[in-house]
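Colleague: coords please:
(chains A, B, C, D, E and F)
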There are 4 protein chains.
Amino acid sequence: MVTDHRKQPRRRGEALHAAIFEATLDELAEVGYAKLTMERVAERARTGKASLYRRWPSRLELVMAAVYSVLPDPADVADTGSLRGDLLALLRHTSAALDGAPGEAMRGLLSEALGDRGQAATLRENSQGAGRRMMHEVVRRAVERGEVEAGAVTPRRLDVGQAMIRQHFLFNGPPIPDTLIVEVVDEIIVPLLGCPAP
Amino acid sequence: MVTDHRKQPRRRGEALHAAIFEATLDELAEVGYAKLTMERVAERARTGKASLYRRWPSRLELVMAAVYSVLPDPADVADTGSLRGDLLALLRHTSAALDGAPGEAMRGLLSEALGDRGQAATLRENSQGAGRRMMHEVVRRAVERGEVEAGAVTPRRLDVGQAMIRQHFLFNGPPIPDTLIVEVVDEIIVPLLGCPAP
Amino acid sequence: MVTDHRKQPRRRGEALHAAIFEATLDELAEVGYAKLTMERVAERARTGKASLYRRWPSRLELVMAAVYSVLPDPADVADTGSLRGDLLALLRHTSAALDGAPGEAMRGLLSEALGDRGQAATLRENSQGAGRRMMHEVVRRAVERGEVEAGAVTPRRLDVGQAMIRQHFLFNGPPIPDTLIVEVVDEIIVPLLGCPAP
Amino acid sequence: MVTDHRKQPRRRGEALHAAIFEATLDELAEVGYAKLTMERVAERARTGKASLYRRWPSRLELVMAAVYSVLPDPADVADTGSLRGDLLALLRHTSAALDGAPGEAMRGLLSEALGDRGQAATLRENSQGAGRRMMHEVVRRAVERGEVEAGAVTPRRLDVGQAMIRQHFLFNGPPIPDTLIVEVVDEIIVPLLGCPAP
DNA sequence: TTTTAACCGAGACGGTACGTCCCGTCTTGGC
DNA sequence: GCCAAGACGGGACGTACCGTCTCGGTTAAAA
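Modeller: Numbering: from 1, shown residues only, chains lettered A, B, ... in the order given. Got it, this is the predicted structure:
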């Protein structure tokens, strides 16, 4: 319950931090990044703007921090025993991660983050990092299993799946249809890893 | 008396339209989409805000129209005589198109356009349409030439190249390194079109 | 009927003139001078702004002209046979004249007309002229009748009645209560004209 | 960073209030009520429009408040020892009050204030209130002194002087000639108070 | 336990841009 | 030619937020 204005014990540190993140993510979900304002986040978190600026110097960084705090754990990549199964699991994980605050934020942050080299790097890491590492792991296991030849693996090829998913999300919005994921795996990634790179 | 004292006859219709587009694209190049304001565009085009709003109901639509007006003509896709040559030409064309106002706009528009179903469709068409059609044509020719078997062609596979290029642009900004293009062609598209889809 | 937009024979000269005055007076009555705009008058008269500006250089002059055209004829001052009767008739005439477009206009014009010496004079003439002349005539007759001694008449004394009525109208708006008129006549004008000026 | 770089500590409350009134009165004096804009008042007071609207919901109320703050104190009415002397002093006081911001404002406010019953009442009180109270006091003293018989005093008669002065001011602008004041006293008020009301 | 300093909420502040209305001028067709 | 219609360059409106600042009150740690 958020609308109760009677005196409650004043929040500090962790509790306030969490309340602000919650308000930020709620706003993100309701109005999107473009229309998210510090004013409304503060009001929603029942705090003052100063408490936001004391912690994050800009909307961009507040949103990045809030989203980061809620990013699904890359966790151990599900090992389904087959390359195809692992790939489907992985892309579905990516798809799920995008479908919510993180996706909405990524969309909006793209144009603002570029201005700051460091922010851009953080955004990249949050958006692409886990996916890349997971893909690397999945393919490593497939090579170990003998499903894939090491010569077929290149960095670019590891990126193709995520690129297709993210691309679709950015231009079409959520949700990502599962048929897309299946097609990407069956028509693109699996065949690619089946033939040697030049 | 409040009005302007300029000498040149007042601009109307086409001439004004063009001046506004020019101002919009200049602003886009200088400050980016996020910081582009109607106020400054009007000032830069030496007109009033009303003349902007009379034509486009929002910043989003003004920018889309301005960018659309300057999109490089997909035109005839260079026919280099080989699939690989055509693909390189095509992706370099896409890369060049992104490296300027259209790219800067696409980045910023992504988060705002999604709110309006129609705007999103327009953005997709402007951003992906030409690329897809060109890719379709290039591959059609390769099939005719016998370089590629018709069974290897699927809609998803035609999208892979553009997805990789756009992806890199969005997260890393311009310019797109040519090595990326070459790798995408040699490690991904050509091999993919060399093996049948399932 | 004003709302019919179907083709009617185009108005010119007199007819257009009259239509504009009508629109002006209607606007004056509905929204008052402060909120009367050339734009709305033109629309209401189903003409273009240029046709207004071709005839009157400003809102002030349009309104003055429109009001002037409708000012009640000072006419011959009713001769009731007694000073008191004449005075009551005269002030009621003034009161009636104020209660409508002329009054509403006078109110608003006061602050704008001062800027232009000529306009101010016109406003004074339209607002006070007829009243003064009528008062002069009424008192002249009373002197002739022997009701009033010539020595009791001065320009200031002739203005008192109108000043009281106009004053009340300006600060309290219409309508002017008849008791006010009666009191002004009985407590002020008649006694004043009954004692000699110093 | 967008904010101001001024050195002096930001003004608040009283200080800002006063600065805004000063700016308002200066604008009133320079361009008049009709051309006074919130934009220029804010600029002149070196603040933002929001700080004006936070305090007064409209130009009308800002101007009324500013003028009210500077109205000469009705204070104790000068006691010159004679009715005539008191009346001259009083009307000269009124005349002086009109000849500045209060007069300029009154002129412009007349047409706008009528729309709001409350504003109209405030305007009346500010414009006529003090004058009426002072006149009441002056006449009370004259009655005490035996200069005037109580039966000669009526509310209307107490208003005549102010009405004549204000009338002249509204239609002719400042300054009010002293001969007018003298005539009003000698030809109108003094004689009136010398004969009984009916 | 009391003091005290940091932190909190609230919101005023100087400022930018918004999208709208109207200004007074100018241009275009049509009658 | 004059008319209607309305585009044009521009000024001001009243609103929403920006990022900074100031103001009391808590409230947790230091004394």
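Colleague: Tell me how many other residues surround the nearest residue to residue A:145 once chain neighbours are set aside.
Modeller: Closest residue to residue A:145 apart from its sequence neighbours, by C-beta to C-beta, 6 or more residues apart in numbering or on different chains: residue A:83 at 7.6 Å. Glycine gets a C-beta too; all of them are placed from N, C-alpha and C. For residue A:83, the neighbour count with other C-beta atoms under 10 Å in any protein chain shown is 21.
Colleague: and what of the one 5 residues further on?
Modeller: Applying other C-beta under 10 Å, we find 20 other residues in the vicinity of residue A:88.
Colleague: Then residue A:13?
Modeller: Neighbour count for residue A:13, taken as other C-beta under 10 Å: 7.
Colleague: End to end on stretch A:191-198, go ahead and measure it.
Modeller: One end of stretch A:191-198 sits 15 Å from the other (C-alpha to C-alpha, to the nearest Å).
Colleague: and it, which residues are buried?
Modeller: If you call a residue buried by 16 or more other C-beta atoms under 10 Å in any protein chain shown, then stretch A:191-198 has these buried ones: A:191-193, A:197.
Colleague: What of stretch A:113-126?
Modeller: Neighbour-count burial for stretch A:113-126 [16+ other C-beta under 10 Å]: A:113-114, A:119-120, A:122-123, A:126.
Colleague: Correct me if wrong: the residue nearest to residue A:145 contacts residue A:193.
Modeller: Yes. With contact defined as C-beta atoms under 8 Å, residue A:83 counts as touching residue A:193 (7.1 Å).
Colleague: who touches both of the two?
Modeller: The contact sets of residue A:83 and residue A:193 overlap at A:139, A:142, A:148 (C-beta atoms under 8 Å, 6 or more residues apart in numbering or on different chains).
Colleague: Let me see the contact set for the last one.
Modeller: When contacts are counted by C-beta under 8 Å, 6+ apart, residue A:148 is found next to A:83, A:139, A:142, A:193-194.
Colleague: now with 10 Å?
Modeller: Residue A:148 is in contact with A:83, A:138-142, A:190, A:192-194, counting by C-beta atoms under 10 Å, 6 or more residues apart in numbering or on different chains.
Colleague: Filter these down to just the ones in helices.
Modeller: Counting by DSSP state H, these place A:83, A:138-142, A:190, A:192-194 in helices.
Colleague: Domain-wise, how is chain A divided?
Modeller: Domain assignment for chain A by automatic domain parsing gives A:13-68, A:83-194.
Colleague: can you tell me if the longest one touches DNA strand F.
Modeller: To tie it back to what came earlier, the one meant is domain A:83-194. No. Applying C-beta under 7 Å from any atom of the strand, one finds domain A:83-194 separated from DNA strand F by no less than 10.4 Å.
Colleague: what is the mean pLDDT for that domain?
Modeller: Averaging pLDDT along domain A:83-194 yields 94.
Colleague: Also the first one?
Modeller: Averaged across domain A:13-68, pLDDT comes to 93.
Colleague: show me where chain A has helices.
Modeller: Along chain A, counting by DSSP H, helices occupy A:13-31, A:38-44, A:49-53, A:59-68, A:83-98, A:101-113, A:117-124, A:130-145, A:155-172, A:178-183, A:190-194.
Colleague: Show me what counts as buried in the fourth one.
Modeller: Spelled out, that is helix A:59-68. In terms of neighbour count (16+ other C-beta under 10 Å), helix A:59-68 has its buried residues at A:59-60, A:62-67.
Colleague: Spell out whether it and DNA strand E are in contact.
Modeller: No. Helix A:59-68 lies apart from DNA strand E when judged by C-beta under 7 Å from any atom of the strand; the minimum separation is 13.8 Å.
Colleague: Near DNA strand E, which residues of chain A? Just list them.
Modeller: With C-beta under 7 Å from any atom of the strand as the criterion, chain A meets DNA strand E at residues A:5, A:10-13, A:16, A:46-51, A:54.
Colleague: Of those, keep whichever come out buried.
Modeller: Buried members of the residues of chain A next to DNA strand E, counted by 16+ other C-beta under 10 Å: A:11, A:16, A:46-47, A:51.
Colleague: Give me the neighbour count for the closest residue to residue A:189 other than its chain neighbours.
Modeller: Distances taken as C-beta to C-beta, 6+ apart place residue A:161 nearest to residue A:189, at 5.2 Å, with adjacent residues excluded. By the criterion of other C-beta under 10 Å, residue A:161 has 24 neighbours.
Colleague: Kindly report the same for residue A:72.
Modeller: For residue A:72, the neighbour count with other C-beta under 10 Å is 12.
Colleague: about what we covered before: closest to residue C:99 among the residues of chain A next to DNA strand E?
Modeller: The shortest approach to residue C:99 among the residues of chain A next to DNA strand E belongs to residue A:5, at 51.8 Å (C-beta to C-beta).
Colleague: Could you work out the end-to-end span of stretch A:39-59 for me?
Modeller: 10 Å.
Colleague: close to chain B, is that stretch?
Modeller: No. For stretch A:39-59, no contact with chain B is found by C-beta under 10 Å from any C-beta of the partner chain; the gap never falls below 10.8 Å.
Colleague: to the chain's geometric centre, what's the distance from that stretch?
Modeller: The chain centroid and the centroid of stretch A:39-59 are separated by 23 Å under C-alpha atoms, centre = their mean, to the nearest Å.
Colleague: what does that stretch contact?
Modeller: Under C-beta under 10 Å, 6+ apart, the answer for stretch A:39-59 is A:2-5, A:8, A:10-12, A:16-28, A:30-31, A:33, A:36-38, A:61-66, A:108-109, A:112, A:116, A:119.
Colleague: can you rerun that using 6 Å?
Modeller: A:19-20, A:23-24, A:27, A:38, A:62 (C-beta atoms under 6 Å, 6 or more residues apart in numbering or on different chains).
Colleague: Going by neighbour count, which of those comes out on top?
Modeller: residue A:24 (28 neighbours).
Colleague: How about that residue, nearest residue that isn't a chain neighbour?
Modeller: Residue nearest to residue A:24 in three dimensions, not counting chain neighbours: residue A:66, with 4.0 Å by C-beta to C-beta, 6+ apart.
Colleague: what's near enough to touch the one you found?
Modeller: Residues counted as contacts of residue A:66 (C-beta under 6 Å, 6+ apart) are A:21, A:24-25.
Colleague: which among the residues you listed gets closest to residue A:103?
Modeller: residue A:25 (11.9 Å).
Colleague: okay, now the nearest residue to that closest one once chain neighbours are set aside: neighbour count?
Modeller: Distances taken as C-beta to C-beta, 6+ apart place residue A:101 nearest to residue A:25, at 4.6 Å, with adjacent residues excluded. By the measure other C-beta under 10 Å, the count of residues near residue A:101 is 23.
Colleague: re earlier: just send the shared contacts of residue A:83 and residue A:193 back as JSON lines, with distance to residue A:94 too.
Modeller: Shown next, in JSON lines, are the shared contacts of residue A:83 and residue A:193 (distance: C-beta to C-beta, whole Å):
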{"residue": "A:139", "distance to residue A:94": "15"}
{"residue": "A:142", "distance to residue A:94": "18"}
{"residue": "A:148", "distance to residue A:94": "20"}
